[in-house]
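Trainee: the sequence isn't on hand, but the structure is:
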């Protein structure tokens, strides 16, 4: 996981929306599927399966489950996390070869696909406070008692932010809070400029790469990013090794690639980084940043913050260090040096296939990455070992004579951490074939103890929920669906909200930060991202302490949530492979789109009234009167009024989609139960539609300024990086006050939705 | 100010409600009143004054202003803050005598009234951590360079919480966050009991006295209260002496009297503590607590928190110390010892009077207290020196031949800090006379640089706003009204709210924490509480560092806000004295009541749906599923359903009040302009009503369990202590789920409102 958070669950869930459900009926429903530990075969309903096929599927899944072993996945993690496994490390390649061997042992048709990518590594890094006093920041992480790998630093890279620029700069320091767009607006109101200065930003608030990018755009010459103990340290819980949270010297490494433009090798946008591919010159690669940037620990940041003068920072900008946070600039002066080898490195993607016996040209792809920042126990190996357990158990079924109906592709990606390199290059290399064959990409990354979280294509919400209904939670014996829904509902009520009668998971929309991005957002392949979390004490993200010893103490001590993840994703894979009808409930998709469209109305209306209110206050000089003249906070800039947008086209497209989805779902339900030859042609017609309908939602021109991102419903936000923006072409145009563009994308999105609806209509009419 | 906050402004302002105003029209309006520095005599409108009388009033106020001097009030503060001035200190008496001399010099009829009250002072106090390691807390505050009085500790008392119990206890420690009712609900869900233990609570969240009271009710044997640097220390700004915020060893002293039952001498509830008064035995005084309690600094709390084990506290409970906050219990074990002299002390109230020439039996009372916790520069002397400036300037007018129309009573209270002793005993002693004569009590306490804040009787909102319109802000040259309204509007918009077209201040409702309480809430005398704040760096509340040196650097360096406070309150006093019609706009009162009633509807409705939602989650065992089984958080207790309450009676009373107020205000407006003999009888009829109508809102039976509090509209919350509860009899019954009581108080309040409306009706009908 390359996202800048220590809360992996965040990516699976929608901001304020909660899953919710009338647990009463949910319990009843689950009881049909689960009696004690065993599904009550014969009574279970599975979307897209006839009753008889559902029975066979349940039996298949019981055989699948029987081969999963917590002890075994534990042993795999111990091996794979035994040495640094970043791109270019010997153990990264060794892990690929280890997996290749395993996949082949398990009966898969497996190989390693390699790509050559630009992957700079630092030769020299330094961070010093040079005034008003001197302090040299420690950039390495000391060994910790009881953490066996923390002393094995032979192959470890210095802590750095890959795809920052080289540089050697000395300048006054400015504290910029999280370094996000709103923070720069506040600095402007405080009268503080970062021009010619070095910024110190704390992690959080958005994609880490935005921090140096925005700093550069505001004139800064260097950037430091640190983990504040309020967000990621002792304020969250006891620090490692006493507890699982970030210790004083731990550093969050990470990519600062400008991934909102495109992901993968910076030199080969849109094409695979294969021999002979056209490569950009480094200076032309837009995803490489322009100023040096380094990550530091809170132990290193503390003397810098203590040396800052100037205004006291706004209270919300204060973190957890025992000092008063100031903005600067100066008197603290910082020296940063980054000197890198700008080399090509080889990626090792492990690709394992089981060819479909009946529909070989419909692919279900399952992926996780295998490269970490150092040892990578939780991130990514906790997900990787579940993937391996699935592959082993499916391999056993295969050896016993079972054949998948559709083709299964299991992928272990390299180079996710620097920028989804392995998955992106593979997806770009095989783009044409994937567009014609891939129905579904299922991703995982980290995993831990707790609650199931699923994000992805909203038409798959019921599919994911049925799977969750049929998997037992290791701690409570309840289903993972019931636990997830209970958690969301309790949190919602405790936050002051009202109950919600839904019984399904509510999928979070996907932004970026893991390997689903090239599939979903570049190619238009339906995707899901899956994992457990919520009871882990995981505060060592992207540090050398993300180790086997940390994992076994603070993340998933029994490894049973690794097994549970394998059960969930294994069912997704098997059901998507075996179902007569590919999984879909288009009403869920339509409802989500309707919700997003409503948000856009509210966004524009809210901005309109806010703009009027602020203008009025400006007219009346209220900001001037409201500020302390001895430390003035300037008035905000005046914005022009917000026009009324041409929402009618979008609203009509939403209504059309709701109608088409309803008709489609009815047809789907009636066909799913049928198992006669007459029905098969109709089923095939639906499947042909479902197999590629997601691509109706893409546009070859992509999003404004970033044509690589072609999905018109989901994208990482241009100014959040990792957080999703739904209906991004419209939403970001509104947020950035580009009204013509907003109206233009209302047209683009509406046409995509209408095309989607038309395909649904054609699928059931057979025309 | 005896309230537990370092934000004195809080008491003047309503929770979420903001003042707001269409500044455009306000600017126009103010321009009528103020041209450059001088009111444009002849064009000003003042409520209750005819145009000619308004002109005379403006001229009087100009003469009043001319006598105010920043240098002079600075010199008074320096004298009065030169030694500890708590109850019983030699300098407390000296300050009373100093003021007495001044008042007499200035032409007032002044005397000192004394009361003998129970005022325990500690003979021995100790706080130690005795396990797992040893640490003795420093309970004294070291001298600070540049703060001249910080070394003058001769007469200083040890830091303590007056009216806690004596005791010598050793027990395991539990961290209880702010120690408020919700915190104990959370502790119960976390499975942590305080029974037989000592609690450590941080300041904030409610009246300090509730912390040991609730701790006792939950079985604790001792209580420590500390100032967390997140709320009151380096997180707010640089600490003293570099900045104005609380340094590591500073302690917030303060009363823990159970003031929600009654204020004043604990032994003489309801009657003056005069010779011969019936006095309770100490053990029968309900406002004295049952367990020992001491305040400590964050330097003292840090090793205790570091030694706590048990569960990690919920994230919202973590403060600003650089450690992980745990709940305990233990292994930290604490020893607390408090041994006091339970003596009587003498209070010295200075009372100065100028008898009204025309209506001597209508009194305007103006008060501030003169006792502090140590040197008391900001609290209370910043308010006291404004009061003295007003008295001097009014005295000068008097010497020049001017006579007040109504009687002015200027009071300098003693013993506010331990529990509003001086004001309460005086108000109780003179209760009958006050009920018949006092029209208005105007209070101040602390004061600082920034924005005017006014709380109080809502019918006086326009009166206060007109005064604010006519006083220039020292920093901007604008009016203090425009600044206050601008501030509120900007804050509202920046918090995401919408603009509000009002042009007046919106008065905050008064809870408790200063000397208005016995007047407003016990006797039913209309009250206002006034002060400036918002640009001060005041982080030394109730410590020895609340000194002249601190004040002149961080609170009001030029003392011009002291002058501004004198201008504001002087105008209030003079206008209330001189107006043909006593100030009132009953529509404002009615609108406030309508707002409070609407809040009660929402409160009950919200509790009803929340109760149903929680019950549903309990039925479905959702809490059990949603919790981490390795550290379970128990489900909340099940509550019975919320019945529909008999709100119709209240709603009808509100409608009646709105009608009566509208008619009254129309009559008031038409009479105000008149200055002929025929109008005088009608004016006198209105004045007779306004002079005592607030008492219609009292009920002789008082609030449930606290009959001393007789006002049915405003009271300190039983479980907030300091924060206001409006319509408290109904609101608290709902909050505490006492449905019969809620319906009963709907009746009581409705009858009070109907009596109020009927008096308004009679005043204008003349019947």
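Mentor: Received the coordinates, thanks. Everything numeric here is computed off the predicted structure, so don't read it as measured data.
Trainee: where does chain A have low pLDDT?
Mentor: A:1-43, A:499-501, A:767 (pLDDT under 70).
Trainee: could you state which residue of it sits nearest its centroid?
Mentor: Compute the mean C-alpha point of chain A, and by Cα atoms, centre = their mean the closest residue is residue A:513, 3.7 Å away.
Trainee: that one: which element?
Mentor: Secondary structure here is read from DSSP states H and E; on that basis residue A:513 sits in neither a helix nor a strand.
Trainee: so it touches residue A:724, yeah?
Mentor: No - with contact defined as Cβ atoms under 8 Å, residue A:513 does not reach residue A:724; the gap is 9.8 Å. The C-beta positions use only the backbone N, C-alpha and C, and glycine is treated the same way.
Trainee: which neighbours do the two share?
Mentor: Applying Cβ atoms under 8 Å, 6 or more residues apart in numbering or on different chains, one finds that residue A:513 and residue A:724 are jointly contacted by residue A:716.
Trainee: care to break chain A down by domain?
Mentor: A:55-117+A:345-583, A:121-342, A:587-616+A:642-765 (automatic domain parsing).
Trainee: chain center to the longest one: distance?
Mentor: Just to be clear, that refers to domain A:55-117+A:345-583. A distance of 13 Å separates the C-alpha centroid of domain A:55-117+A:345-583 from that of its chain, computed with Cα atoms, centre = their mean, to the nearest Å.
Trainee: buried ones in the helix or strand harbouring residue A:618, by neighbour count?
Mentor: In the assignment (DSSP H and E), residue A:618 maps to helix A:586-619. Buried residues in helix A:586-619, defined by neighbour count with 16 or more other Cβ atoms under 10 Å in any protein chain shown: A:586-593, A:596-597, A:600, A:604, A:607, A:610-611, A:613-614, A:616-618.
Trainee: can you check stretch A:543-552 too?
Mentor: Buried positions in stretch A:543-552, judged by neighbour count with 16+ other Cβ under 10 Å: A:543, A:544, A:545, A:546, A:547, A:548, A:549, A:550, A:551, A:552.
Trainee: what's the end-to-end length of that stretch?
Mentor: From its first residue to its last, stretch A:543-552 covers 16 Å (Cα to Cα, to the nearest Å).
Trainee: got a list of contacts for it?
Mentor: The list of residues contacting stretch A:543-552 from outside it, by Cβ under 8 Å, 6+ apart, reads A:74, A:77-78, A:81-82, A:141, A:144, A:146-150, A:153, A:156, A:240, A:244, A:246-247, A:250-253, A:372-379, A:382, A:540, A:559.
Trainee: from these, which land in helices?
Mentor: Secondary structure of the contacts of stretch A:543-552 is defined by DSSP state H; positions in helices are A:74, A:77, A:78, A:382.
Trainee: which ones are touching the last one?
Mentor: What that stands for is residue A:382. Contacts of residue A:382 were listed using Cβ under 8 Å, 6+ apart, and they are A:77, A:446, A:447, A:448, A:551, A:555, A:556, A:562.
Trainee: is it true that the third one touches residue A:563?
Mentor: In this case it means residue A:447. No - look at residue A:447 against residue A:563 with Cβ under 8 Å: they stay out of range, at 10.3 Å.
Trainee: the two - which one has more neighbours?
Mentor: With neighbours defined as other Cβ atoms under 10 Å in any protein chain shown, residue A:447 and residue A:563 compare such that residue A:447 has more, 31 against 24.
Trainee: quick check: which element contains the more buried one?
Mentor: Using DSSP H and E, residue A:447 maps to neither a helix nor a strand.
Trainee: list the contacts for it?
Mentor: By Cβ under 8 Å, 6+ apart, the contact set of residue A:447 is A:378, A:382, A:383, A:386, A:531, A:532, A:533, A:556, A:561, A:562, A:565.
Trainee: shouldn't the fifth one be within a strand?
Mentor: Yes - with DSSP: H, G, I helix; E, B strand; the rest coil as the criterion, residue A:531 is assigned to a strand.
Trainee: for it, list each beta-bridge partner.
Mentor: Bridge pairing for residue A:531 (DSSP bridges) gives the partners residue A:453.
Trainee: next, count neighbours for the residue nearest to residue A:711 when sequence neighbours are not counted.
Mentor: Closest residue to residue A:711 in three dimensions, ignoring its sequence neighbours and counting by Cβ to Cβ, 6 or more residues apart in numbering or on different chains: residue A:521, at 4.5 Å. When neighbours are counted by other Cβ under 10 Å, residue A:521 registers 29.
Trainee: residue A:191 reaches residue A:632, doesn't it?
Mentor: Yes - taking contacts as Cβ under 8 Å, residue A:191 lies within contact range of residue A:632: 7.3 Å.
Trainee: for residue A:642, grab phi and psi.
Mentor: Backbone geometry at residue A:642, expressed as degrees, to the nearest 10, gives phi -90, psi 120.
Trainee: typo on my end, it should be residue A:724
Mentor: In terms of degrees, to the nearest 10, the main-chain angles of residue A:724 are phi -70, psi 150.
Trainee: ok, residue A:178 - contacts?
Mentor: The contact partners of residue A:178, taken as Cβ under 8 Å, 6+ apart, are A:201, A:202, A:203, A:204, A:205, A:206, A:211.
Trainee: gap between it and residue B:666?
Mentor: Per Cβ to Cβ, to the nearest Å, residue A:178 is found 56 Å from residue B:666.
Trainee: kindly report the same for residue A:600.
Mentor: Separation of residue A:600 from residue B:666 (Cβ to Cβ) stands at 48 Å.
Trainee: would you confirm that residue A:487 contacts residue B:628?
Mentor: No - in this structure, residue A:487 is not within contact of residue B:628 by Cβ under 8 Å, at 10.0 Å.
Trainee: quickly list what's touching both of these two.
Mentor: If you check residue A:487 and residue B:628 against Cβ under 8 Å, 6+ apart, the residues they both contact are residue A:534.
Trainee: show me which of the two is the more surrounded one.
Mentor: When residue A:487 and residue B:628 are compared for neighbours, residue A:487 comes out ahead with 23 against 14, by other Cβ under 10 Å.
Trainee: which residue, other than its chain neighbours, is closest to that one?
Mentor: Taking Cβ to Cβ, 6+ apart as the measure, residue A:487 lies nearest to residue B:626, with 4.3 Å between them; neighbours along the chain are not counted.
Trainee: what of residue A:303?
Mentor: Nearest non-adjacent residue to residue A:303 (Cβ to Cβ, 6+ apart): residue A:135, at 4.6 Å.
Trainee: how far away is that neighbour from residue A:301?
Mentor: For residue A:135 relative to residue A:301 (Cβ to Cβ), the value is 11 Å.
Trainee: compare those two (neighbour count), which wins?
Mentor: The residue with more neighbours, out of residue A:135 and residue A:301, is residue A:301; 23 against 17, by other Cβ under 10 Å.
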